[in-house]
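> Next one to model:
(one chain, ligands or ions: 1)
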Amino acid sequence: MKKLVLLGGGYGNMRVLRELLPNHLPDDVTITLIDRVPYHSLKTEYYALAAGTVSDQEVRVSFPEHPHLHMQYGEVTKIDLEENLIHMANSDPVPYDELIIGLGCEDKFHNIPGANIHTHSIQTIGKARDTYQTLNNLPANSVVSIVGGGLSGIELASELRESRPDLKIKLFDRGKTILSSFPERISRYVQNWFNTNGVDVVNEANITKVEEGILYNNDEPVQSDVIVWTAGIQPNHLVREMDAEKDQQGRVVLTKYHNIPGNEHVYVVGDCASLPYAPSAQLAEGQAEQIVQVMLKRWSDKELPEELPTIKLKGVLGSLGKKQGFGMMAERAITGRIARILKSGVLWMYKYHKG
Ligand SMILES: Cc1cc2nc3c(=O)[nH]c(=O)nc-3n(C[C@H](O)[C@H](O)[C@H](O)COP(=O)(O)OP(=O)(O)OC[C@H]3O[C@@H](n4cnc5c(N)ncnc54)[C@H](O)[C@@H]3O)c2cc1C
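Numbering: from 1, shown residues only. Down below sits the predicted model:
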């Protein structure tokens with residue numbers, strides 16, 4: 001039997017499972033899925049978990065069951081590409097014949113002193129839970145500073161506003177205006193939402209240092225009861241430590257068939273892979289579909305196409321609490337209730353396997 005090991009049960013590898021099971025897995029292949037948690041975690045919803053507006057159970061999806069699928073739950077500590085072994089914290093190493101690495105990303109702190117020690121995170125389900133506890137245990141009128149005015153910072157700030165109307169929330173953003181790379185209509189809409197709902201957006205922010213309870217913006221201290229970091233990501237450290245070529249963001253450079261150059265048995269999917277787009281769940285899924293097509297062809301000794309098609313992305317949708325949203329769909333800016341309904345619809349389809 002050929003042993004396919006999937007590292008990480010995130011959006012990329014979950015799509016691999018959905019494509020291969022139940023009917024497309026060759027009889028001579030078994031799959032071992034390794035993850036630290038025994039369920040697929042909906043990372044795109046961690047902002048709501050941290051804010052306290054959805055329950056823990058709502059951001060978990062069961063892994064599929066299949067006679068050829070084995071689950072191994074635990075912490076991966078090293079990927080050994082020389083020996084074809086995955087090292088684990090509390091169990092024997094796991095050998096593989098084929099490997100898909102989909103371990104997601106971590107916070108990037110840009111070498112800002114104290115940022116990695118004194119800030120909270122929403123990058124793993126465990127960290128999002130810790131952030132939830134800290135935010136929701138805060139006494140009335142506490143100050144929460146959120147660093148990073150990208151999609152996750154905006155979603156967290158707005159969701160937290162609805163969850164805790166008493167808190168003073170500050171959102172620190174590098175740009176002159178919030179979402180400065182989006183059309184002006186969206187930027188204005190989001191800024192208006194924050195104005196109306198009492199979230200203080202601090203533009204042209206430059207965080208220079210973080211201490212316990214103090215954020216330094218352009219070297220000016222800002223007293224904060226809690227600081228949440230949403231200001232940058234980088235691939236999982238196990239991938240950054242791997243002996244393979246990386247791009248400037250530390251993502252693994254791949255062949256056009258998504259495997260490591262010179263090793264057609266090791267693929268990288270999702271946030272750890274160097275692709276010509278910003279990392280996202282939909283990108284991880286689109287890439288995963290292509291990886292499955294490539295693997296199936298290789299397993300049956302069929303010729304690979306000269307080029308793989310461009311991965312099609314449908315757009316971006318962000319929420320502003322439970323009722324409003326914004327986004328770009330088919331190059332068109334959308335705002336308001338319709339954007340929020342679309343976002344909830346995408347989540348529903350994903351959870352119930354309709355998409
Ligand atoms: C708040 C927020 C909102 C977002 N919103 C959107 C959105 O609206 N649309 C969108 O497309 N994208 C969105 N994203 C980005 C999206 O979540 C990621 O791009 C996507 O999750 C990447 O998928 P992946 O398969 O690479 O990894 P992940 O989905 O992150 O999965 C990685 C898996 O690896 C496991 N793992 C990691 N390290 C180890 C280890 N050492 N040992 C064992 N297991 C390990 C984790 O438990 C996890 O299950 C958002 C992200 C955040 C944080």
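
> what does this protein have sitting close to the ligand?
8-12, 34-37, 41, 43-44, 46-47, 75-76, 102-104, 122-123, 151-152, 155, 236, 238, 270-271, 279-282, 284, 317 (C-beta under 6 Å from any ligand atom). (C-beta placed from N, C-alpha, C; glycine too.)

> residues contacting the spatially most central residue of the chain?
Central residue of the chain (C-alpha atoms, centre = their mean): residue 43, 5.5 Å from the mean position. Residues counted as contacts of residue 43 (C-beta atoms under 8 Å, 6 or more residues apart in numbering) are 10, 11, 104, 125, 281.

> same thing with residue 107?
Per C-beta under 8 Å, 6+ apart, neighbours of residue 107: 116, 121, 123, 229, 232, 233, 234.

> Contacts for the host helix or strand of residue 189 next, please.
According to DSSP states H and E, residue 189 maps onto helix 184-196. When contacts are defined by C-beta under 8 Å, 6+ apart, helix 184-196 is touched by residues 154, 157-158, 171, 177-180, 200-201, 318, 320, 324, 326-328, 333, 335-336.

> Report the buried members of these.
Buried subset of the contacts of helix 184-196 (neighbour count, 16 or more other C-beta atoms under 10 Å): 154, 157-158, 171, 177-179, 201, 318, 320, 324, 326-328, 333, 335.

> Show me these that map onto strands.
Those of the buried ones among the contacts of helix 184-196 mapping onto strands are 171, 201, 318, 320, 324, 326, 327, 328, 333, 335, per DSSP state E.

> residues contacting the second one?
Residues in contact with residue 201 (C-beta under 8 Å, 6+ apart) are 149, 170, 171, 173, 178, 191, 194.

> which one in the chain is furthest away from the centre?
Outermost residue of the chain (C-alpha atoms, centre = their mean): residue 301, 34.0 Å.

> quick one: that one from residue 26, how far?
12 Å (C-beta to C-beta, to the nearest Å).

> One more: residue 8?
23 Å.

> Which residue of the two possesses the greater neighbour count?
residue 8 (26 against 14; other C-beta atoms under 10 Å).

> related to what we said a few turns ago, buried ones among the residues of the chain next to the ligand?
The neighbour count (16+ other C-beta under 10 Å) marks 8-12, 34-36, 41, 43-44, 46-47, 76, 102-104, 122-123, 151-152, 155, 236, 238, 270-271, 279-282, 284, 317 as buried among the residues of the chain next to the ligand.

> what number of residues lie near the closest residue in space to residue 29 that isn't next to it in sequence?
The spatial neighbour of residue 29 that comes closest, neighbours along the chain excluded (C-beta to C-beta, 6 or more residues apart in numbering), is residue 2 at 4.7 Å. By the criterion of other C-beta under 10 Å, residue 2 has 13 neighbours.

> and if you look at residue 15?
23.

> swap in the one 3 residues further on?
Other residues lying near residue 18 total 15 when counted by other C-beta under 10 Å.

> Correct me if wrong: it contacts residue 289.
No: contact criterion C-beta atoms under 8 Å: residue 18 and residue 289 do not qualify, at 9.2 Å.

> I'd assumed residue 154 was in contact with residue 178.
Yes: contact status for residue 178 versus residue 154: in contact at 7.1 Å, counting by C-beta under 8 Å.

> what's the pLDDT at the closest residue to the ligand within the stretch 101-250 of the chain?
Closest approach of the stretch 101-250 of the chain to the ligand (C-beta to the nearest ligand atom) occurs at residue 104, with a separation of 2.5 Å. On pLDDT, residue 104 comes in at 98.
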